[in-house]
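1. sharing a sequence plus its predicted fold:
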Amino acid sequence: MSGPYVIRGSVSLPEAELMWRFSRSSGPGGQHVNTSDSQVELRFDLAKTEALPPVWKERALNKLAGRLVDGVVSVRSSEHRSQWRNRETAAVRLASLLAEATAPPPRARRATRIPRGINERRLREKKQRGDMKRGRSGRDWT
């Protein structure tokens, strides 16, 4: 592999906690597909890991709850012909999935009032526009 996959900041995926599984892919490759295990399944035990800070771990467990099986998140890759490239793709995909899941929630929007002057100007311009359109009709021209 090409090195540690950074989730965010100084936190990265620990190599020792990644579980790899290889199988035959149904993707491109011709007769080569029938003989090589190029599909990659990468599994990461999110519930038992110590690599993530507790707050991030809690967030990830909540956000990925529908995707977890016994606390384990899995990612599959089979779009490339080589097992090595599929390994790279799966690891990057897992890192980005965890980065998204551990991100802090967005700040709540602060409600603001529209200033009275802006509202009055909008209504005044609206009235002028209506008067102008009403003046275009040929009713008054006799």
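-> Now that the structure is in, tell me what you want to look at. Residues are numbered from 1 along each chain as shown.
2. skip the chain neighbours and tell me the closest residue to L94.
-> In space, and not counting its chain neighbours, L94 is closest to V75: 4.6 Å by CB to CB, 6 or more residues apart in numbering. Using the backbone N, CA and C atoms, a C-beta is placed for each residue, glycine as well.
3. Three-state assignment for the one you found, please.
-> Look at V75: counting by DSSP: H, G, I helix; E, B strand; the rest coil, its state is strand.
4. how about it, what does it touch?
-> Shown in contact with V75 (CB atoms under 8 Å, 6 or more residues apart in numbering): E41, L42, A90, R93, L94, L97.
5. which one of the residues you listed is nearest to L123?
-> When the contacts of V75 are compared for distance to L123 (CB to CB), L97 comes out closest, at 49.4 Å.
6. list the contacts for that closest one?
-> So L97 contacts L64, V73, V75 (CB under 8 Å, 6+ apart).
7. can you tell me how far it sits from K63?
-> According to CB to CB, to the nearest Å, L97 stands 10 Å off from K63.
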